[in-house]
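**Q** sharing a model prediction with you, sequence too.
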Amino acid sequence: MAENAPVQTPTRAEMWDRTCAEFDSMGLTMPDAVRLLLSPTAKEGVPPWFAMMLAQHLRAKKNL
């Protein structure tokens with residue numbers, strides 16, 4: 001496997017610009033943000049927000 005593999009996805013220019021501006025305000029580049037998604041997904045097998053969603057679901061189910 002290549003050391004670095006390019007990631008491409010079609011995105012509306014307006015959404016790209018707004019997203020880049022948001023990440024920039026956090027001190028992140030778009031590649032940083034993509035790595036923040038891909039790395040834990042590859043390591044854990046699920047997206048990083050999955051555990052949070054599962055916990056919310058279980059809390060809601062417990063409160064029924």
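**A** Looks like it came in fine.

**Q** list the buried residues for the top helix by length along the chain?
**A** Taking DSSP state H as the criterion, the chain has its longest helix at helix 30-44. Residues of helix 30-44 classed as buried: residue 40 (neighbour count, 16 or more other CB atoms under 10 Å). Heads up, the C-betas are built off the backbone N, CA and C, glycines and all.

**Q** show me the contacts for the most centrally placed residue in the chain.
**A** Among the residues of the chain, the one closest to the centroid is residue 37, at 3.5 Å (CA atoms, centre = their mean). Listed by CB atoms under 8 Å, 6 or more residues apart in numbering, the contact set of residue 37 reads 47-48.

**Q** what does the average pLDDT come to for the longest helix of the chain?
**A** If you average the pLDDT over helix 30-44, you get 91.

**Q** with stretch 8-15 instead?
**A** 93.

**Q** what sits up against it?
**A** Residues contacting stretch 8-15 (CB under 8 Å, 6+ apart): none.

**Q** just how off-centre is that stretch within its chain?
**A** With CA atoms, centre = their mean, to the nearest Å as the basis, stretch 8-15 stands 15 Å off its chain's centre.

**Q** list the buried residues for that stretch?
**A** Within stretch 8-15, judged by 16+ other CB under 10 Å, no residue is buried.

**Q** where's residue 42 relative to residue 55, distance?
**A** Applying CB to CB, to the nearest Å, the value for residue 42 to residue 55 is 22 Å.
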